[in-house]
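Enquirer: Sequence plus the predicted model coming up.
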Amino acid sequence: MLFDVTIFPTNLNTAGDLARQVEDYGFDGLWTAETAHNPFLPLTHAAAATRRISLGTAIAVAFPRSPMVTAGIAWDLAEQSKGRFVLGLGTQVKAHITRRFSTEWNAPVPRLREYIESMRAIWNTWQNGAPLRYQGEHYKFTLMTPFFAPTPMPYADIPVYIAGVNEGLCRLAGELCQGFHVHAFHTPRYLKEVIIPAIESGLQKTGRARADIRLSCAIFVVTGSSAEEMQNHAVMAKSQIAFYASTPSYAAVMELHGWGDLAQKLNAMSREGRWSEMWQEISDDMLDEFAVVAPPDELPHKMKERYDGLLDRVGYYLPFVPEETDKKVIWDSAARVFG
């Protein structure tokens with residue numbers, strides 16, 4: 001089991017130092033996310049500052065970018081990092097695609113399939129000189145001239161991970177991808193009964209084995225060196241769980257556990273703008289289903305125990321900020337177990 005961290009640099013000039021610290025800790029990989037900042041730009045700094053760790057997006061939102069644009073970014077990062085880059089893509093949800101990005105939303109699973117296929121067709125053209133002739137329902141690419149084609153390189157087989165919660169994207173990952181980003185909003189039961197069987201169904205469809213795909217997840221954790229710190233982390237985790245539970249696209253997780261009515265209540269609260277109250281609807285028993293709860297020294301051991309045989313890459317759903325005194329002990333304990 002590999003241990004990764006996620007960084008959220010608010011200043012690009014700090015990304016290289018953060019990445020170097022991740023590598024010095026002995027961790028295996030570094031992920032960035034598309035939240036308040038671009039997910040790709042910090043990885044150029046990280047690639048220059050490190051030599052060993054994998055570097056990837058968890059995730060970059062696919063549909064607002066043309067596959068041609070994403071293919072080019074991934075190509076450059078793969079070459080710069082000497083093959084350590086992992087392209088992690090996500091569909092996001094309809095409201096964000098249409099209202100935040102002002103782009104089209106339709107058939108997310110078939111569209112993401114074509115997105116991946118067309119990128120690989122583009123990479124094949126750049127690497128092997130094959131004519132670019134991708135024709136799909138959502139994407140069509142038929143023009144590539146030498147002026148716009150990068151030269152071949154040794155790292156053209158770029159691994160693609162996708163993220164998801166529901167079965168369709170899980171099956172697609174099993175068919176086409178090297179990895180799957182399991183959403184933090186999951187339970188071990190949902191992982192065992194829904195996600196993994198759907199991925200295995202996709203693997204079987206294309207004659208692949210479980211070893212051909214890696215499951216990765218940044219996991220909700222509640223930790224701290226005092227009762228006060230534990231309580232603060234619990235409130236933060238419950239707030240995040242309530243936020244995701246209020247999203248209709250993720251209702252299947254709640255329904256599996258018989259919490260469908262609560263999901264509807266949380267959705268109504270979110271529409272009323274009652275965000276600060278929602279965490280109180282998440283019981284301690286629910287928290288235990290969604291999060292690993294333990295003091296720092298026990299946390300990595302409990303993580304291993306809980307996800308052994310289920311996940312291949314794990315991390316904490318916490319930003320990597322080791323210079324903060326109250327956070328340093330968390331990363332030190334992880335390094336002793338995983339580093």
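Expert: Nice, I can see it.
Enquirer: Quick check: closest non-adjacent residue to L41.
Expert: The shortest distance from L41 to any non-neighbouring residue, by Cβ to Cβ, 6 or more residues apart in numbering, is to L12 (5.8 Å). Using the backbone N, CA and C atoms, a C-beta is placed for each residue, glycine as well.
Enquirer: And the pLDDT at that neighbour?
Expert: Predicted confidence (pLDDT) at L12: the value is 95.
Enquirer: List the residues that contact it.
Expert: Taking Cβ atoms under 8 Å, 6 or more residues apart in numbering, we find L12 in contact with 41-42, 45.
Enquirer: Which one of those is nearest to G29?
Expert: Closest approach between the contacts of L12 and G29, by Cβ to Cβ: P42, at 13.7 Å.
Enquirer: The closest one: which element?
Expert: Assigned by DSSP states H and E, P42 falls within helix 41-49.
Enquirer: which helices and strands does that helix pack with?
Expert: Packed against helix 41-49 by the contact rule (3 or more Cβ pairs under 8 Å, 6 or more residues apart in numbering; DSSP states H and E) you find helix 15-25, strand 29-32, strand 54-57, helix 67-80.
Enquirer: How much space separates the nearest residue to L191 once chain neighbours are set aside from K327?
Expert: Distances taken as Cβ to Cβ, 6+ apart put L310 closest to L191, at 5.5 Å, once the chain neighbours are dropped. In this view, L310 and K327 are 26 Å apart by Cβ to Cβ, to the nearest Å.
Enquirer: Same check on F40?
Expert: 25 Å.
Enquirer: Show me where this structure has its helices.
Expert: With DSSP state H, the ranges of helices along the chain come out as 15-25, 41-49, 67-80, 94-95, 108-128, 167-176, 188-190, 196-205, 227-245, 251-256, 260-271, 284-290, 299-307, 325-338.
Enquirer: residues touching the nearest residue to G136 once chain neighbours are set aside, list them.
Expert: Sequence neighbours aside, E114 is the residue nearest to G136 in space, at 4.0 Å (criterion: Cβ to Cβ, 6+ apart). Going by Cβ under 8 Å, 6+ apart, E114 touches 136-139.
Enquirer: Please check those and keep the buried ones.
Expert: When the contacts of E114 are checked for burial by 16 or more other Cβ atoms under 10 Å, the buried set is 136, 138-139.
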